[in-house]
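Participant: A predicted structure for the sequence below; I have some questions about it.
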Amino acid sequence: MPEPIAATAAQLASDVALPATKRATEREESRGTFWALVTGGLLFVVAGWFLPWFVEVTANGVGFSPQDVVSSSPTGIGTVFVYLIGVAMVALLVGAVYDLVCLRLHRGEPFRYSRARAALAAAGAVSTVVVWYLIGVQREEPLFGNISSFALTDNAVWMELTGMTILAIVYGVREWIVAHAALAFGGVIFIIGALFPFIFNASIGFISWGASAAAIYVLLGLGLNVVVGFAGLLDLGYAAFFAIGAYTAGSMASPRHGLYLPFWVILFLGAAVAALFGAILGAPTLRLRGDYLAIVTLGFGEIIPDMATNNLFGQTGGPEGITGVSHPAVPGITDLHGNHVSLLGHDLFGYDFEINPKAYFWLLLIVIVAVVFLLRNLERSRVGRAWAAIREDEVAAAATGINTVRSKLLAFAIGASVSGFAGAIYGAQFGGVTPDEFEFAVSITVLTVVVLGGIGNSTGVAVGAILLSFIIFWALPHMQEWTTTFGHTTGITTLSTIDYNKFQYVVYGVILISIMLARPAGLLPSRARKVELQSGTESEALASVRGTV
């Protein structure tokens, strides 16, 4: 590293309390990933403690939780394991609070007794399995009420088990996770994602949210992050490419045009057509910068849905859109006698995409993993370094010989192709496409996902997409029934009389403002972005802080 740049980097790091070496930067970035895993594990554990574990088929989700068990002063062998779960939960929560206080006040030693915490979490996981076996399988005692042999194991059991397992792994191999944050976080998220339909098997609606909202917005966020995070271009019309992918699927797999191409072909065609439109948009406009480019993309985002509404060339179906889009067809595996081979009661690869949201969830998970893998390698390639140079200083990048127009055009095309993937899956999943689904609000929501998660950080974008889609598409729509239940339980009946539908955007806005005030750089920001925010100006030493020079 040249001495002037090294001196500037060291001075900048000193001014904003940031590391100035690549190794120190990687370890600093891993702290956010570590805390994301700890927070996720604790949320699962606490939710599993207060939600019912076993419910009757006709009980509409009403049943006894471990908290109810403790409150009723129970007896029996199962009680010991329930108390052990509670003790482990409290100890892990206290430990996390202690760590936060130490880090905030710069006093004490955080993460003390990590191995002991891992042992407690492992004991909690084992106790969860034991309680499930004693009560859910053996029906040994009425610890969770007088449940019949038809009672079902509710989601909370698997949430508790998942949370305890995550915390056992996180605290047990903390140093390894800090050194390999991206790999650890990706592995844990992939495992949880793969098991998501089994963890929430009793809540088909929640699985549908995961497949139709969370996974779709993760994919959209990853695509927009290429444009906004990697290349530093502000795109306010990203929903247009989402619409193009969806209409491609609708046109080629529906009675509208008499075409029924295989979905697995349409999936890549949707990405290719969206990438083509991204290049068409970018070719004449990417010489623009900043706000001017944002306005052009905003116009493009408004034109595409409007053209679809007006039934362009009689091909888009007008306001009613295109219906009857074919679902993916995946034949099940059969043995020599023609019988379907099953695993845990499911045909291997033979999921019915028409009625089963689990199939779409797993399909999207596979696509997301592939996209993350490709984008991470692309970010570290020569093209990714060119994007980073353009984002930090386009004039300087051009002076070093980088073809800025071609690089930005490539960023637009790649980001659009990812959106086209999401659109093709979305169209097949819902069996139809209408213009109302691709309004300006979609572009703003995806941009919010990128900013909230951490601009330039794929992991942060995925976390932001999951959190934001949960708030918008699950928490706010269910707030009325949740507060009604809470009001009846606590005796505060006033809560059940409030029409929360009138205040959804207020609550949504307050949540966003609170998160951004607490984490102005995003939930899991890239270090370069954090330098810009804390230093107040863009600096020539950003590349040094990123460890690229």
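Facilitator: Good, I have the coordinates.

Participant: which residues touch the spatially most central residue of the chain?
Facilitator: The centre of the chain sits closest to residue 466, judged by CA atoms, centre = their mean, with a distance of 3.2 Å. Residue 466 is in contact with 214, 217-218, counting by CB atoms under 8 Å, 6 or more residues apart in numbering. The C-beta positions use only the backbone N, C-alpha and C, and glycine is treated the same way.

Participant: can you tell me how far residue 434 is from residue 469?
Facilitator: Distance, residue 434 to residue 469, by CB to CB, to the nearest Å: 20 Å.

Participant: neighbour count winner among the two?
Facilitator: The residue with more neighbours, out of residue 434 and residue 469, is residue 469; 24 against 21, by other CB atoms under 10 Å.

Participant: was I right about that one contacting residue 217?
Facilitator: Yes. Residue 469 is within contact range of residue 217, at 4.7 Å (criterion: CB atoms under 8 Å).

Participant: related to what we said a few turns ago, would you mark the buried spots in the helix or strand hosting the residue nearest to the centre of the chain?
Facilitator: Taking DSSP states H and E as the criterion, residue 466 maps to helix 458-470. For helix 458-470, the neighbour count (16 or more other CB atoms under 10 Å) marks 458-470 as buried.

Participant: go on, stretch 78-86?
Facilitator: Of all the residues in stretch 78-86, those buried under the rule 16+ other CB under 10 Å are 78-79, 81-82, 84-86.

Participant: the helix holding residue 466: how far from the chain's middle?
Facilitator: 4 Å (CA atoms, centre = their mean, to the nearest Å).

Participant: tell me the mean pLDDT for it?
Facilitator: Averaged across helix 458-470, pLDDT comes to 88.

Participant: where along the stretch 351-500 of the chain do the helices fall?
Facilitator: For the stretch 351-500 of the chain, applying DSSP state H, counting those that start in this stretch gives helices covering 357-379, 382-392, 394-399, 404-430, 440-453, 458-470, 476-490.

Participant: of these, which is nearest residue 208?
Facilitator: Of all the helices of the stretch 351-500 of the chain, helix 357-379 sits nearest to residue 208, with 4.3 Å by CB to CB.

Participant: can you tell me the SS state at the closest residue to residue 451 other than its chain neighbours?
Facilitator: Leaving out its chain neighbours, the residue that sits closest to residue 451 by CB to CB, 6 or more residues apart in numbering is residue 522, at 6.4 Å. The three-state label given to residue 522 by DSSP: H, G, I helix; E, B strand; the rest coil is coil.

Participant: roughly how far apart are residue 522 and residue 41?
Facilitator: 21 Å.

Participant: ok, now residue 225?
Facilitator: 25 Å.

Participant: these two: who's more crowded?
Facilitator: Shown here are residue 225 and residue 41; by other CB under 10 Å, residue 225 has more neighbours (29 against 25).

Participant: tell me the contacts of that one?
Facilitator: Applying CB under 8 Å, 6+ apart, the residues near residue 225 are 375, 415, 450, 455-458, 461.

Participant: residues near residue 509, how many?
Facilitator: 11.

Participant: pLDDT at it, what is it?
Facilitator: Predicted confidence (pLDDT) for residue 509: 86.

Participant: low-confidence ranges, the stretch 101-250 of the chain, go.
Facilitator: Along the stretch 101-250 of the chain, the model assigns pLDDT under 70 to residues 181-182.

Participant: any chance you could map the helices in it?
Facilitator: With DSSP H, counting those that start in this stretch as the criterion, the stretch 101-250 of the chain has helices spanning 114-131, 155-172, 174-179, 181-199, 204-209, 215-225, 239-252.
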